[in-house]
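Peer 1: Attaching a predicted model along with its sequence, questions to come.
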Amino acid sequence: MRRCLVPPARVLVRMPSWLGDFVMAEPVVRALHERWSHANCADRITLVGPARFLALLSSLEADGVRFVPLERGATPDVRVWRGHDVALLLDGSWRSAWAAFRARIRERAGFASGGRTALLTQWIVPARERGGKPLGIGLPGSWPRRLPRPFTSACVELAAACALEVKLRSPILTVDEAARERVRARIGHGSRGTVGVRRVLVHAGSRPDSAKGVPAEQWAGILRSMGDADIVLTCGPGEEANARNVKALVPSATLLDDPPLDVAELLAAHELADVVLTSDSGPRHLSQASGVPTFVLCGPTDPRHTSDHDTSVHVLRTEVACGPCHLETCPLAGERRRACMTGIDARPLMNAFPATEAKLLSRRISAPTRA
Amino acid sequence: MKLAIRAPNWVGDLVMATPMFAAARASERFESVTIIVREHLAGILADGPCADLVRTIARDAGEEALYRELAPDAVMLLSNSFGAAWRARSAGIAMRAGSALSGRRFLLTHSVIPPSQGGRRVPIPSAHLMRDVAGLLGVLVPDLHPRLSVRAEVVARERDRLARLGIPADAEYIVCCPGAAFGAAKLWPPARFAQALDRLFDARGWRGIVTGGPGEEALMNAVANESKSGVISLALEERNLEGLKALVSNAQLLLVGDSGPRWFAAAFDVPCVSVMGPNFPELTASSLELAAIVRVENLECSPCLERRCPLVHHRCMRDLPVDHVVRAAHEVLARRPARRGVPA
């Protein structure tokens, strides 16, 4: 592959549209920014991505990086894309490759997916697996059996192939001070600071019947065993119903559903928490940036997709014959319905809970300061 | 279920594989885990958390016999050689997981086809590939940063030796490994290593210690002889991989070619400057927090992956000035506060 990511090239980076992928792609953007800053040309970088996520990288904007917010489902504005030398497409969409092509960007690098290879000048065909089912996996992937791999690794490999070296792989996100204040105002001080009482942030939201979501009864069972912990429930837009059901079962919890926290606030809430509990959804990746000890209840997704999580993240899952199916809703009925989620043994979480105190202490001592 | 792990045969790859060993050991899936390592490399894993899992083999022939003795249910092939897969199959191991490289896919029951472009393999870090292979056997590896251990008595022994050679017990030093088992194409001229060590001595006051593997004595002596800052060569001393671990773990900096000891520095969070010639930098692009890879960019013939320069000019190394290496050393030393476990 051509080593095209060399300053002072004008680079457009299309960030992923999913929160988790967006966060996992951050180390590449940071490496790019550092290298271009070193060459005094950070203003030659353009980031295109979902408007609601770009706030997480606001420190880059202050340094001259241009942000082009993209609304959900909107077609990229080719005029804005013109004038760049390199398009680094970290998403998998055909439309972004088409936009880069139409904008006549000379070097267009991305993953060979979605039939867009013809539009790219440099691409990586993702790794694949062959042979029998991997251990612990009930269902092999469908053809061409792409190997489930951490997205950060894939982004780092693409960047490296284009001559960009990524030194630090943990995401660093900007906590917005205003968002931090808004969250503080909503959750108050609670019991925080009281000896032995921890604030537990629970991403309890999920879309109705979502296979990835943790049922309210399951959350309630876990939360009730946490004694006098200060529990804060959050959810995303459209996910309020499940969080409200959890609140009904655990009345002492604080529910932040009206309105749900935006992404900047969610990151601030992580910073204010001692422990995070979540399903395998976007917010879990904020934990890696904040370093807060996190327990992830992983249902129908392949754990290899996110296996390079920080050691502060603990994944709980159960192995079922029908998973990982990656389906939006569980197609099964009876006892097998959502068994990948309801069958998770949460005892490791309970056992590990006291140990998080020590980790928390070390995190506060050693965590890098983030603007 | 019993698992055997066939460890890589290269020093660097073996160090890179340590997170996979640790994750396999931590997995509840396996009742026993055995790591099969070439005898001369066993010192690398000595004193570490998986040292008790190691079984050594002197020759390839011993590998198959060991498989038959262990009778594992599965083997994780972290070595990419055809022979390793062949011997695992010959030994009748039911589940054989590895990368689909070296034409050995038909020998494996579970394989990873690395990322590619136009049918050609895209170079990716070896650590990524090993992580992917481990995943085929349900072993999830959360952190790819390698870790090694060394006993206090080995460290003390090395310090005593340095004291005998003129470096006091409290003095700081730089370790230099100018050799490369791969071949002459990876060698940076000894005079330049010497100049770099002299410049770093002038700037920091750290003396250089040159060491290396068997057969690299002439190279080590050449670096020491060319230097003007009293660089010490260990060519006449007894050297082994455990001693190297101790030396590197206490060094301020490791100055190295593109060779295995580079990964010792990563494992002990020691700053490292690696001078790279005919290799793909992407193959080793992991654990770079305290590493700087210095190479000549935009050479048409590089990376050639050849053991000897086929064009004879060897520009990938000869065009690499001392200035670049020294600058990289200062830059990577400035990053030291980011060392793991050390507050900024």
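Peer 2: Received, thanks. Residues are numbered from 1 along each chain as shown, chains lettered A, B, ... in the order given.

Peer 1: Local confidence estimate at residue 14?
Peer 2: Reading this off chain A. What the model reports as pLDDT for A:R14 is 97.

Peer 1: Switch to chain B, please.
Peer 2: 97.

Peer 1: Now for it: which residues touch it?
Peer 2: By Cβ atoms under 8 Å, 6 or more residues apart in numbering or on different chains, B:L14 lies in contact with B:A7, B:P8, B:V37, B:L41, B:I44, B:L45, B:G260. All C-beta atoms are positioned from the backbone trio N, CA, C, and that covers glycine.

Peer 1: Which phi and psi values does it adopt?
Peer 2: Dihedral pair for B:L14: phi -70, psi -40, per degrees, to the nearest 10.

Peer 1: In terms of helices and strands, where is the closest residue to B:P72 other than its chain neighbours?
Peer 2: The shortest distance from B:P72 to any non-neighbouring residue, by Cβ to Cβ, 6 or more residues apart in numbering or on different chains, is to B:A4 (3.9 Å). Element membership for B:A4, per DSSP states H and E: strand B:2-6.

Peer 1: Same list, the contacts of B:L14, but as TSV with pLDDT and secondary structure please.
Peer 2: Shown next, in TSV, are the contacts of B:L14 (pLDDT from 0 to 100; DSSP: H, G, I helix; E, B strand; the rest coil):
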residue	pLDDT	secondary structure
B:A7	97	coil
B:P8	97	coil
B:V37	97	strand
B:L41	96	helix
B:I44	97	helix
B:L45	98	helix
B:G260	92	coil
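
Peer 1: Which of those residues sits closest to A:P8?
Peer 2: Minimum distance to A:P8 across the contacts of B:L14 is 36.3 Å, recorded for B:G260 (Cβ to Cβ).

Peer 1: The closest one contacts B:P8, correct?
Peer 2: No - look at B:G260 against B:P8 with Cβ atoms under 8 Å: they stay out of range, at 10.1 Å.

Peer 1: The two: which has the busier surroundings?
Peer 2: Taking neighbours as other Cβ atoms under 10 Å in any protein chain shown, B:G260 and B:P8 compare with B:G260 leading, 25 against 22.

Peer 1: Would you mind measuring from the more buried one to chain A?
Peer 2: From B:G260 over to chain A the distance is 20 Å, taken as Cβ to the nearest Cβ, to the nearest Å.

Peer 1: tell me the contacts of that residue?
Peer 2: Counting by Cβ under 8 Å, 6+ apart, B:G260 makes contact with B:W10, B:V11, B:G12, B:D13, B:L14, B:V15, B:A181.

Peer 1: Which SSE is immediately downstream of the stretch of helix or strand the fourth one belongs to?
Peer 2: The one in question is B:D13. Using DSSP H and E, B:D13 sits within helix B:11-16. Using DSSP H and E, the helix or strand that follows helix B:11-16 in sequence is helix B:18-26.

Peer 1: Could you list the buried residues of that next one?
Peer 2: Going by neighbour count (16 or more other Cβ atoms under 10 Å in any protein chain shown), the buried part of helix B:18-26 is B:T18, B:P19, B:M20, B:F21, B:A22, B:A23, B:A24, B:R25.

Peer 1: Could you export those residues as TSV, including pLDDT?
Peer 2: As requested, these are exported to TSV (pLDDT from 0 to 100):
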residue	pLDDT
B:T18	98
B:P19	96
B:M20	98
B:F21	98
B:A22	97
B:A23	96
B:A24	97
B:R25	96
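
Peer 1: which strands and helices sit next to the top helix by length along chain A?
Peer 2: Longest helix of chain A, by residue count under DSSP state H: helix A:19-38. Helices and strands touching helix A:19-38, as assessed by 3 or more Cβ pairs under 8 Å, 6 or more residues apart in numbering or on different chains; DSSP states H and E, comprise strand A:11-14, strand A:45-50, helix A:58-61, helix A:151-161, helix A:283-290.

Peer 1: and the second one with helix A:19-38, angle?
Peer 2: Put plainly, it is strand A:45-50. Interaxial angle, strand A:45-50 versus helix A:19-38 (axes from the mean of the first three to the mean of the last three Cα atoms, to 10 degrees): 170 degrees.

Peer 1: For B:D198, grab the count of nearby residues.
Peer 2: Using other Cβ under 10 Å, B:D198 is surrounded by 19 other residues.

Peer 1: Are we agreed that it is in a helix?
Peer 2: Yes - counting by DSSP: H, G, I helix; E, B strand; the rest coil, B:D198 falls inside a helix.

Peer 1: Tell me how far the nearest residue to it once chain neighbours are set aside lies from A:V183.
Peer 2: Of all residues not flanking B:D198 in the chain, B:S229 sits nearest, at 4.5 Å (Cβ to Cβ, 6+ apart). B:S229 sits 56 Å away from A:V183, taking Cβ to Cβ, to the nearest Å as the criterion.

Peer 1: Who has more neighbours out of these two?
Peer 2: A:V183 (24 against 16).

Peer 1: residues in contact with A:R82?
Peer 2: By Cβ under 8 Å, 6+ apart, the contact list for A:R82 reads A:A103, A:R104, A:I105.

Peer 1: In the stretch 151-300 of chain A, where is pLDDT below threshold?
Peer 2: Within the stretch 151-300 of chain A, the stretches with pLDDT under 70 are A:189-197.

Peer 1: Show me which residues of it are close to chain B?
Peer 2: Residues of the stretch 151-300 of chain A lying close to chain B by Cβ under 8 Å from any Cβ of the partner chain are A:S153, A:A154, A:V156, A:E157, A:A160, A:A161, A:A163, A:E165, A:V166, A:K167, A:L168.

Peer 1: Return the members of these classed as buried.
Peer 2: Among those, the ones that count as buried by 16+ other Cβ under 10 Å are A:S153, A:A154, A:V156, A:E157, A:A160, A:A161, A:A163, A:E165, A:V166, A:K167.

Peer 1: For A:L88, give me phi and psi.
Peer 2: Dihedral angles for A:L88 - degrees, to the nearest 10 - are phi -100, psi 110.

Peer 1: picking that back up, which among the contacts of B:L14 count as buried?
Peer 2: Neighbour-count burial (16+ other Cβ under 10 Å) applied to the contacts of B:L14 gives B:A7, B:P8, B:V37, B:L41, B:I44, B:L45, B:G260.

Peer 1: residues near B:S116, how many?
Peer 2: Look at B:S116: counted by other Cβ under 10 Å, it has 16 neighbours.

Peer 1: One more: B:N225?
Peer 2: Neighbours of B:N225 under the rule other Cβ under 10 Å: 12.

Peer 1: Likewise for B:R308?
Peer 2: Counted by other Cβ under 10 Å, the residues lying close to B:R308 total 12.

Peer 1: Can you verify my assumption that it contacts B:A180?
Peer 2: No - assessed by Cβ under 8 Å, B:R308 is found out of contact with B:A180, at 11.7 Å.

Peer 1: rewinding a little: now the buried members of the contacts of A:R82.
Peer 2: Applying 16+ other Cβ under 10 Å to those, the neighbour count classes A:A103, A:I105 as buried.
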